[in-house]
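Undergrad: need coordinates for the below:
(one chain, ligands or ions: 1)
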Amino acid sequence: MAIFNVPLTELQQRRTIKWRRFEPDVLPMFVAEMDAHLAAPVRERLERALAMGDTGYPQLPDYQEAFADFAQWMWGWSIEPKQFKLATDVVTGMREAVLGLTAPGDAVVINPPIYPPFRMVSPDRHLVEVPLGDDGRLDLDGLAEAFARPETTAYLLCSPHNPAGTIHTVDELTEVARLASEHGVAVISDEIHAPLAGSAHTPYLQVPGAANALVVTSASKSWNLAAVKAALVIGEHELLRKLAGTMQDGASYFGILAHSEALSEGRAWLAQAQLEIDANKRLFADLLAARLPQLSHEPSEGTYLAWLDCSALGLENPGAHFHEVGRVRFNLGSEFSPAHQQFVRVNLATSPAIIEEAVDRMARSLDGAPLGRSANG
Ligand SMILES: Cc1ncc(COP(=O)(O)O)c(C=O)c1O
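TA: I've put the predicted structure just below:
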């Protein structure tokens, strides 16, 4: 059964940010939520708990065990129970990692354009920006320079990268690990998009030479479970001990149940989601080539998000134009870096019909044709 074929009328009844933030006639393709049917094992697990009134506090290391099993299966990555710590969600885990491993006044390196909370997880820390190259890849020379600064103590890696969708290669990550160890920089790697990227992704802690590093991850992105919060921070026990003891208190029992079930029993769903997302990426690129040939676009590898350069359109603010005139909403490039106002980030975890409608709205917003409400809209 298809995962991304939820009818628009049904999606419009959802009350999440995606479906409630903007005007009802605007097709929402911004925030990283999926327009998906929930994986049946996850739904059944939560329904079972609800039916039993099983709605209290968590106790057992279900999430840790399920992730360890998944990581072994997907990446051949062995993780010991003592290498895990629970967190409320990935952003909280990243923030606690920065607080635990750095001191006020330290410098923390990021790679813009970047998922906006990366700028906010470092209170009292100075951000050093090493932009990705135009090809979306890490600038290793830039990282070497930034790591060499005496005040630099941490690097926030986004792997796979949001918004660029880049999957970092083992060679790139090995060089990051070498530089980090040479300059005593802690690497905090956000791997929330990794399960969906599958075996093409390399967990940072598996990279030769990686040390003094934490991976922060969750099943929430790959199985669309942001509503039921939980996440994991993974690394050497001595490093985890530097993180706040209260950090684990935020993971909810339902989050732990849902994420564990997804990792253990939601693997067929994940494989199907990967297939449909790959087809959606191809469809989007083909539709752009046919309807908006000015926008050359190569699908990203690592996420369900397309990072689209719209500068060829000659618009002052393409994202605002598509919203106001086209009635389709993407994330604005400027959310990820001030230098990327000409970009939009498009969420392709949706149905092919919605992707077709979105490209149609984009094209019609540019050729001045009236934007009637079509069958999908
Ligand atoms: C790279 C990245 N990190 C973290 C998050 C948010 O994760 P959480 O809801 O677990 O805080 C997202 C959400 O899209 C993301 O793309």
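Undergrad: residues of this structure that sit close to the ligand?
TA: Taking Cβ under 6 Å from any ligand atom as the measure of proximity, the chain contacts the ligand at 32, 89-91, 115, 158, 162, 190, 192, 218, 220-221, 226, 231. Every residue, glycine included, has its C-beta placed from N, CA and C.
Undergrad: just the strands in the chain please.
TA: With DSSP state E, the ranges of strands along the chain come out as 27-28, 84-87, 107-110, 126-129, 152-158, 186-190, 213-217, 231-235, 305-309, 328-329, 331-332, 343-347.
Undergrad: dump the residues of the chain next to the ligand to CSV, plus neighbour count and pLDDT.
TA: Below are the residues of the chain next to the ligand laid out as CSV (neighbours: other Cβ atoms under 10 Å; pLDDT from 0 to 100):
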residue, neighbour count, pLDDT
32, 21, 97
89, 20, 97
90, 26, 98
91, 20, 97
115, 25, 98
158, 24, 98
162, 26, 98
190, 30, 98
192, 27, 98
218, 31, 98
220, 22, 98
221, 23, 98
226, 18, 98
231, 28, 98
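Undergrad: spatially, which two of these are the most separated?
TA: Within the residues of the chain next to the ligand, 158 and 226 form the most distant pair, 17.1 Å apart (Cβ to Cβ).
Undergrad: any stretches of this protein with poor pLDDT?
TA: Along the chain, the parts satisfying pLDDT under 70 run over 369-377.
Undergrad: centroid-nearest residue for it?
TA: With distances taken as Cα atoms, centre = their mean, residue 193 lies nearest the centre of the chain, 4.6 Å away.
Undergrad: doesn't residue 166 make contact with that one?
TA: No - contact criterion Cβ atoms under 8 Å: residue 193 and residue 166 do not qualify, at 10.5 Å.
Undergrad: now residue 56. Nearest residue, chain neighbours left out?
TA: Closest residue in space to residue 56, ignoring its immediate chain neighbours: residue 253 at 6.3 Å, by Cβ to Cβ, 6 or more residues apart in numbering.
Undergrad: show me what counts as buried in the longest helix anywhere in the chain.
TA: When the chain is parsed with DSSP state H, its longest helix is helix 267-291. Under the neighbour-count criterion of 16 or more other Cβ atoms under 10 Å, helix 267-291 has 267, 269-270, 272-274, 276-277, 280-281, 283-285, 287-288, 291 buried.
Undergrad: can you name every helix or strand that it contacts?
TA: If contacts are counted by 3 or more Cβ pairs under 8 Å, 6 or more residues apart in numbering; DSSP states H and E, helix 267-291 sits against helix 194-197, strand 305-309, helix 352-367.
Undergrad: can you lay out these as JSON lines showing mean neighbour count?
TA: Formatted as JSON lines, those follow (neighbours: other Cβ atoms under 10 Å):
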{"stretch": "helix 194-197", "mean neighbour count": "24"}
{"stretch": "strand 305-309", "mean neighbour count": "23"}
{"stretch": "helix 352-367", "mean neighbour count": "20"}
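Undergrad: can you add distance to residue 339 and give these back as CSV?
TA: As requested, the helices and strands packed on helix 267-291 are arranged in CSV below (distance: least, Cβ to Cβ, whole Å):
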stretch, distance to residue 339
helix 194-197, 26
strand 305-309, 12
helix 352-367, 22
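Undergrad: wait, which of those is closest to residue 240?
TA: When those are ranked by proximity to residue 240 (Cβ to Cβ), helix 194-197 comes first, at 19.3 Å.
Undergrad: now residue 41: how far from the ligand?
TA: Distance of residue 41 to the ligand, computed by Cβ to the nearest ligand atom, to the nearest Å: 20 Å.
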